[in-house]
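S.K.: give me the fold of what follows.
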Amino acid sequence: MKKGFTLAEVLITLGVVGVVAVLTVPGVMKNYANRMYVSQLQKVYSQIAEAAQNMMNDEHVDDFTETSAANAGKPSGCPDDKTKCTYGVYAFFTNYFKTLKIDCGPNGDSSCAKGANFYRRLDNTYTTSGMYQCIQTVSGAVICGGYNSSNKCMSITVDVNGLAQPNVAGRDVFAMDIHKDGSISDYGSGCAANSKGCSASSCGTGSADSINNASCGCLNNVIDAGWKMEY
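M.R.: Prediction:
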């Protein structure tokens with residue numbers, strides 16, 4: 001005569017399954033989230049690189065610092081009137097990205113990016129400065145930037161999923177530089193020729209004073225791992 005399981009056996013089995021789930025599900029969810037962040041990062045990285053090359057082509061230059069984007073200022077009336085965004089970071093953003101929002105950082109309406117004490121490092125400490133001069137793309141990513149006239153370098157900060165959590169440098173927030181030839185490197189390169197920016201090993205160790213410093217090295221870490229987040 002075939003016997004079924006006793007209630008005690010069923011309860012023990014369920015208990016074991018529950019323990020295994022508690023131990024494994026958080027790791028599975030974290031890995032899934034990391035893969036999603038990397039996929040979104042790779043997409044935005046490609047968009048920025050393509051936009052830089054398109055701007056150089058449209059303006060018939062082979063040096064990004066010779067484009068109209070290479071200006072630390074912002075024209076009067078820009079970005080409220082996109083036609084007045086004739087130079088600076090908003091000339092780059094408004095003409096080469098499909099946008100949902102423009103100037104939506106702390107200097108604007110704060111609806112897609114924040115300033116100090118909002119973004120965190122991997123060690124969970126808050127940065128003392130945030131993201132400025134921002135747009136939100138149709139995919140939901142937030143791209144912010146600024147041009148440094150002294151070293152002729154445009155630095156870009158990307159939050160791949162906007163204000164959605166976790167808002168952590170190296171998870172969903174990354175920083176990068178646009179070099180003279182339109183190529184993209186990790187932040188910290190100063191746009192010097194052949195510089196890759198901060199080393200991959202510095203990811204998560206940067207100063208908490210700015211979101212860019214906190215992100216420094218994380219892009220290289222992801223790229224060096226074959227577009228994987230292994231930290």
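S.K.: against Y147, how distant is the residue nearest the centre of the chain?
M.R.: Nearest to the mean C-alpha position of the chain, by C-alpha atoms, centre = their mean, lies V158 at 2.7 Å. Distance, V158 to Y147, using C-beta to C-beta, to the nearest Å: 16 Å. C-beta here means a position set from N, CA and C on the backbone, and glycine is covered the same way.
S.K.: kindly report the same for F92.
M.R.: For F92, the distance to Y147 (C-beta to C-beta) stands at 9 Å.
S.K.: name the residues contacting each of those two.
M.R.: A69, M154 (C-beta atoms under 8 Å, 6 or more residues apart in numbering).
S.K.: which SS class is M154?
M.R.: strand (DSSP: H, G, I helix; E, B strand; the rest coil).
S.K.: for K114, give me the pLDDT.
M.R.: Listed pLDDT for K114 reads 95.
S.K.: need the per-residue pLDDT for the nearest residue to it once chain neighbours are set aside.
M.R.: Spatial nearest neighbour of K114, chain neighbours left out: G130 (4.9 Å); criterion: C-beta to C-beta, 6 or more residues apart in numbering. pLDDT recorded at G130 is 93.
S.K.: residue boundaries of the helices in the chain?
M.R.: 7-58, 89-96, 211-215, 218-224 (DSSP state H).
S.K.: lowest average pLDDT across those?
M.R.: Of all the helices of the chain, helix 7-58 has the smallest average pLDDT, which comes to a mean of 78.
S.K.: tell me how far stretch 111-129 lies from the chain's centre.
M.R.: Distance, stretch centre to chain centre, for stretch 111-129: 13 Å (C-alpha atoms, centre = their mean, to the nearest Å).
S.K.: likewise for stretch 164-181?
M.R.: The answer for stretch 164-181 is 3 Å, by C-alpha atoms, centre = their mean.
S.K.: what comes up buried for that stretch?
M.R.: Residues 167-180 are the ones in stretch 164-181 that count as buried (16 or more other C-beta atoms under 10 Å).
S.K.: let's have those in JSON lines, adding pLDDT.
M.R.: As requested, those are exported to JSON lines (pLDDT from 0 to 100):
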{"residue": "N167", "pLDDT": "97"}
{"residue": "V168", "pLDDT": "97"}
{"residue": "A169", "pLDDT": "97"}
{"residue": "G170", "pLDDT": "97"}
{"residue": "R171", "pLDDT": "97"}
{"residue": "D172", "pLDDT": "98"}
{"residue": "V173", "pLDDT": "98"}
{"residue": "F174", "pLDDT": "98"}
{"residue": "A175", "pLDDT": "98"}
{"residue": "M176", "pLDDT": "98"}
{"residue": "D177", "pLDDT": "98"}
{"residue": "I178", "pLDDT": "98"}
{"residue": "H179", "pLDDT": "98"}
{"residue": "K180", "pLDDT": "97"}
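S.K.: thank you, goodbye.
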